[in-house]
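In: pasting the structure only:
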Ligand SMILES: *[C@@H]1O[C@H](CO)[C@@H](O)[C@H](O)[C@H]1NC(C)=O
Ligand SMILES: *[C@@H]1O[C@H](CO)[C@@H](O)[C@H](O)[C@H]1NC(C)=O
Ligand SMILES: *[C@@H]1O[C@H](CO)[C@@H](O)[C@H](O)[C@H]1NC(C)=O
């Protein structure tokens, strides 16, 4: 099983822009003066609702917490909570003028280790740009750059509409979209990025531009798939769709020895030209001691948008593989599906303040020999109580909509439109012991054991 490329997906970045400039050789006091002078210039330019937060202010600690910390913990000198796009423009202008690095933050995932390279500078917090408006005609919505997925899902649901976002509710709409954006709706409507109509972007010099197929088309192309470093997206216009019907979900728990059987069922479904566009398959290998105290178990979630009768033939092969338990959810609406499929705000994937080591690979089919070898590494690592609640995701969202979209219209690598499977081991642990981090990685050279799992 050879991974080809990575895609910002289940574990997407917040919208992020970092300019390290030449900060390394500065002294601390020169930096502090610099920040002080920059803040003095910036303050009068900010809108009434913008907030400048320094380390002594209440609220500082809360705004440091990421989906994973302390492993990813940029060293901000000050946080600018922008309340308007003009606040973002002015902050970036001042940052450029004073040669201060900055990082834009909306959701709190963003696991990329290079974010730690920010040793001083601005956090530009976009959470106040959290609006979702259904546009006239109801074919598109305008969504603020700091909006989280659950906010957009909730606001559009009130109109029986939905947008193609990523999956974890705690993540921004912009973050996964700029890198691709796997989704429950991708088999029908493509990746999240395929649904972008236009974006308002603040460039590195603080100039705000619009990017669409007509205006700045090169920037528009770049944003769709390679978007995290071309600018700060303050607002986006996305296509929206009528919600068609509710979902039926079966959550199967298999013992680990069923891995091969289940993955072969998935391979067969992928070869079926009539695979429905409303079928989503999500697998999680994880330890469930009361199912199997020795080995990880295999949770497999099959979701079908439609009636129980329509869904039944797609549940049947998994039922025939003899799960230990099956939980059946019927009539699940598009708000509740995120809880049922374990990507809601209170799910493990949205837990904050833990350490995480993850890696992902898109794969053309499930090679059951390689998957078994990867799961064996995972089993060994998670036999250690420190890492026992880690997960190994084996996902498959369906590809018709993704393949139908015009690949040349986005900078996303073409393989991502071909490869239906996503393998994504994530090791979680608590605390700040360096030893625990070293042991999670397994070794210092040639990547980590997580890399071994995805390169199997
Ligand atoms: C959402 O935006 C509003 C309006 O700017 C702001 O008052 C609110 O604090 C924002 N929500 C969060 C969670 O930041
Ligand atoms: C900012 O950069 C853009 C893109 O390079 C350029 O078109 C624009 O003129 C610049 N703005 C200023 C004020 O220099
Ligand atoms: C499956 O993976 C194994 C182990 O990595 C490898 O030896 C084999 O060639 C792969 N098979 C196919 C069909 O790719």
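Out: Yep, it's here. Predicted model, so just to flag it, every value in this text is computed and none were measured. Ligands and ions are numbered 1, 2, ... in the order given.
In: tell me the residues on the chain that lie near ligand 1, please.
Out: The chain has residues 49, 83, 127, 128, 130 near ligand 1, with proximity defined as C-beta under 6 Å from any ligand atom. C-beta: built from backbone N, CA, C; applies to glycine.
In: cutoff 5 Å now
Out: 127, 128, 130 (C-beta under 5 Å from any ligand atom).
In: what comes up buried for the host helix or strand of residue 329?
Out: When elements are assigned from DSSP states H and E, residue 329 belongs to strand 325-332. Within strand 325-332, the residues that qualify as buried are 329, 332, counting by 16 or more other C-beta atoms under 10 Å.
In: helices and strands around it, which ones?
Out: If contacts are counted by 3 or more C-beta pairs under 8 Å, 6 or more residues apart in numbering; DSSP states H and E, strand 325-332 sits against strand 247-255.
In: gap between the strand it packs on and the chain center?
Out: 23 Å (C-alpha atoms, centre = their mean, to the nearest Å).
In: please apply the same query to stretch 309-328.
Out: From the chain centre to the centre of stretch 309-328 is a distance of 28 Å (C-alpha atoms, centre = their mean).
In: got the contact list for the closest residue to ligand 2 within the stretch 301-450 of the chain?
Out: Nearest residue of the stretch 301-450 of the chain to ligand 2: residue 411, at 17.6 Å (C-beta to the nearest ligand atom). Contact analysis of residue 411 by C-beta atoms under 8 Å, 6 or more residues apart in numbering lists 221, 222, 223, 224, 225, 226, 227.
In: and the contacts of the helix or strand where the fourth one lies?
Out: In this assignment (DSSP H and E), residue 224 forms part of helix 217-226. Among residues not part of helix 217-226, those counted as contacts by C-beta under 8 Å, 6+ apart are 178-180, 193-194, 196, 198-199, 201, 209, 211-213, 230-231, 233, 409-413.
In: cool, stretch 32-39 as well?
Out: Applying C-beta under 8 Å, 6+ apart, the contact partners of stretch 32-39 are 26, 52, 77, 78, 94, 95, 97, 98, 99, 100, 120, 121.
In: so for that stretch, what's the average pLDDT?
Out: When pLDDT is averaged along stretch 32-39, the result is 91.
In: and for stretch 313-326?
Out: Mean pLDDT, computed over stretch 313-326, is 98.
In: and that stretch, what's buried?
Out: Buried residues in stretch 313-326 (16+ other C-beta under 10 Å): 314, 315, 317, 318, 321, 323.
In: what does stretch 371-391 give?
Out: 371, 374-375, 377-379, 381-382, 386-387, 389-391.
In: show me the shaky parts of the stretch 51-200 of the chain.
Out: Low-confidence segments of the stretch 51-200 of the chain (pLDDT under 70): none present.
In: which stretches in it count as helices?
Out: In chain order, the stretch 51-200 of the chain shows helices spanning 85-98, 149-157, 174-179, 186-189, with DSSP state H, counting those that start in this stretch as the criterion.
In: so what secondary structure elements neighbour the longest one?
Out: Under the contact definition 3+ C-beta pairs under 8 Å, 6+ apart, helix 85-98 sits against helix 28-42, strand 102-105, strand 122-125, strand 196-202, strand 208-212, strand 232-242.
In: next, the angle from the longest one to helix 85-98.
Out: Here helix 28-42 runs at an angle of 140 degrees relative to helix 85-98 (axes from the mean of the first three to the mean of the last three C-alpha atoms, to 10 degrees).
In: now helix 28-42: buried residues?
Out: For helix 28-42, a neighbour-count test (16+ other C-beta under 10 Å) marks 31, 34, 35, 38, 39, 42 as buried.
In: if I look at residue 61, how far off is ligand 1?
Out: 16 Å (C-beta to the nearest ligand atom, to the nearest Å).
In: sorry, that was for residue 120
Out: Distance of residue 120 to ligand 1, given as C-beta to the nearest ligand atom: 24 Å.
In: try residue 145
Out: Distance from residue 145 to ligand 1, by C-beta to the nearest ligand atom: 12 Å.
In: also residue 281?
Out: 33 Å.
In: give me the pLDDT for that residue.
Out: pLDDT at residue 281 comes out at 98.
In: which SS class is it?
Out: Put simply, residue 281 is strand when judged by DSSP: H, G, I helix; E, B strand; the rest coil.
In: who's it bridged to?
Out: In this entry, residue 281 is beta-bridged to residue 302, residue 396, by DSSP bridges.
In: list the contacts of it.
Out: Residue 281 touches 266, 269, 300, 301, 302, 303, 395, 396, 397, 398, counting by C-beta under 8 Å, 6+ apart.
In: ok, 7 Å please
Out: By C-beta atoms under 7 Å, 6 or more residues apart in numbering, residue 281 lies in contact with 266, 302, 396.
In: residue 265 too?
Out: By C-beta under 7 Å, 6+ apart, the residues touching residue 265 are 317, 318, 321.
In: just the pLDDT for the residue in the stretch 351-456 of the chain that ligand 1 sits nearest to.
Out: Nearest residue of the stretch 351-456 of the chain to ligand 1: residue 352, at 13.8 Å (C-beta to the nearest ligand atom). Here, the pLDDT recorded for residue 352 equals 86.
In: repeat that for the one 3 residues further on.
Out: With respect to pLDDT, residue 355 has a value of 89.
In: one step back: in helices, which of the buried residues of stretch 371-391 fall?
Out: Counting by DSSP state H, the part of the buried residues of stretch 371-391 found in helices is 371, 374, 375, 377, 378, 379, 381, 382.
In: and residue 318, how far from ligand 3?
Out: Note on residue 318: its distance to ligand 3, by C-beta to the nearest ligand atom, is 23 Å.
In: and residue 56, by the same measure?
Out: From residue 56 over to ligand 3 the distance is 54 Å, taken as C-beta to the nearest ligand atom.
In: and what of residue 389?
Out: 27 Å.
In: now the phi/psi pair for that residue, please.
Out: phi -100, psi 20 (degrees, to the nearest 10).
In: so it touches residue 428, yeah?
Out: Yes - contact criterion C-beta atoms under 7 Å: residue 389 and residue 428 qualify, at 6.0 Å.
In: out of the residues of the chain next to ligand 1, which is most surrounded?
Out: Neighbour counts for the residues of the chain next to ligand 1 were taken using other C-beta atoms under 10 Å; the highest belongs to residue 127, with 20 neighbours.
In: not counting residues beside it along the chain, what's closest to residue 225?
Out: Once flanking residues are discounted, residue 225 sits nearest to residue 412: 3.0 Å by C-beta to C-beta, 6 or more residues apart in numbering.
In: next one: residue 366
Out: Counting by C-beta to C-beta, 6+ apart, residue 366 lies nearest to residue 263, which is 3.9 Å off, once chain neighbours are set aside.
In: compute the first-to-last residue distance for stretch 385-398.
Out: Stretch 385-398 has an end-to-end distance of 35 Å (C-alpha to C-alpha, to the nearest Å).
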